[in-house]
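Q: this one's sequence-less:
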């Protein structure tokens, strides 16, 4: 019998229940996958708490990225076979030992990338990819600000942005996290607990400010993020770990320099199969080449997912965390 983490009622980490779950046999277009590693993301806590509605309601199996091996393929799946190494970042349901999943959501993991690396980087790495290469196409000479620089996406983002030739500014909340971010591509890291990040950005850039701000924090960094942008700059809000930003008058964008603002999500950017394959290929390329290094800083057993969520929400983790079935 396979095991899974389920949420029957929204709440804190205690809402995560470790229980039996039988995935069944694959139908047409489906694959039965056995996980070897599962990624942990702040997004998982949003679905658990109810901040984001679960697409299929409750009970919910959280988790949006994992890696493993194909156990069985359903009718019409001719490009995968039993034993193939795969990874994915959607749909929800990764917190389990085995699951059924549409084959078109999977990508093959190339040689040279481990299952743990793949599980740790699919959602985070493809998030960094679309932020840097599509939402705002970062180029040499750009100056970018990224909040929560020592997080899982941040450590990938910093290395990739440096590779693209940008000046990379980050924020973090402790000396250890600051040093971690600096070791992963960030040129400057501001301690947001002790410093005014807007004033520091103005100082670092000699008043020229940033071309783009990437913000996954939300309420605590708004509207300061807007004050870090030069005229015609772009505000990219792609998360809300501190809570949603309050409603605001769009006129503020005009007042602060005819700014652009967008609220992208990875799942729109990879909804088409061709975009999924291209994003994964770009990620695999920078990791295989050594341009971006994936370091796993925490590992928890799947049954201890509640502890992992508590540590994540209490900012006790850095970088990438995985669950081991």
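A: Sure, I can see it. The structure displayed is predicted, hence computed values, not measured ones.
Q: all strands for the stretch 1-150 of the chain, in order.
A: 3-7, 16-20, 30-39, 66-73, 85-88, 98-102, 107-108, 143-146 (DSSP state E, counting those that start in this stretch).
Q: check what pLDDT the most far-flung residue of the chain relative to its centre gets.
A: Of all residues in the chain, the one whose C-alpha sits farthest from the chain's mean C-alpha position, using Cα atoms, centre = their mean, is residue 75 at 32.1 Å. Each residue has a pLDDT score; the one for residue 75 is 97.
Q: quick check: it vs residue 26, distance?
A: Counting by Cβ to Cβ, to the nearest Å, the gap from residue 75 to residue 26 is 8 Å. For the C-beta atoms, the positions are set from N, CA and C on the backbone; glycine is no exception.
Q: and if you look at residue 4?
A: The gap separating residue 4 from residue 26 is 17 Å, by Cβ to Cβ.
Q: so between the two, which is more surrounded?
A: residue 4 (24 against 21; other Cβ atoms under 10 Å).
Q: doesn't residue 94 make contact with the more buried one?
A: No: in terms of Cβ atoms under 8 Å, residue 4 does not count as a neighbour of residue 94; the distance is 9.6 Å.
Q: overlap of the contact sets of those two?
A: Here residue 4 and residue 94 have residue 61 as joint contacts, going by Cβ atoms under 8 Å, 6 or more residues apart in numbering.
Q: helices of the stretch 51-200 of the chain, start to end?
A: Secondary structure of the stretch 51-200 of the chain by DSSP state H, counting those that start in this stretch: the helices cover 115-130, 152-163, 175-182, 197-204.
Q: so residue 75 is in contact with residue 31, correct?
A: No: at 11.2 Å, residue 75 and residue 31 do not qualify as touching, with contact defined as Cβ under 8 Å.
Q: who's in contact with stretch 220-230?
A: Identification of contacts with stretch 220-230 by Cβ under 8 Å, 6+ apart yields 145, 147, 171, 192, 197-198, 201-202, 208-213, 215, 235, 237, 242-243, 245-246, 248, 252-253, 256-257, 259.
Q: switch the cut-off to 7 Å
A: The contact list for stretch 220-230 (Cβ atoms under 7 Å, 6 or more residues apart in numbering) reads 145, 147, 197-198, 201, 208-211, 213, 215, 235, 242, 245, 252, 256-257, 259.
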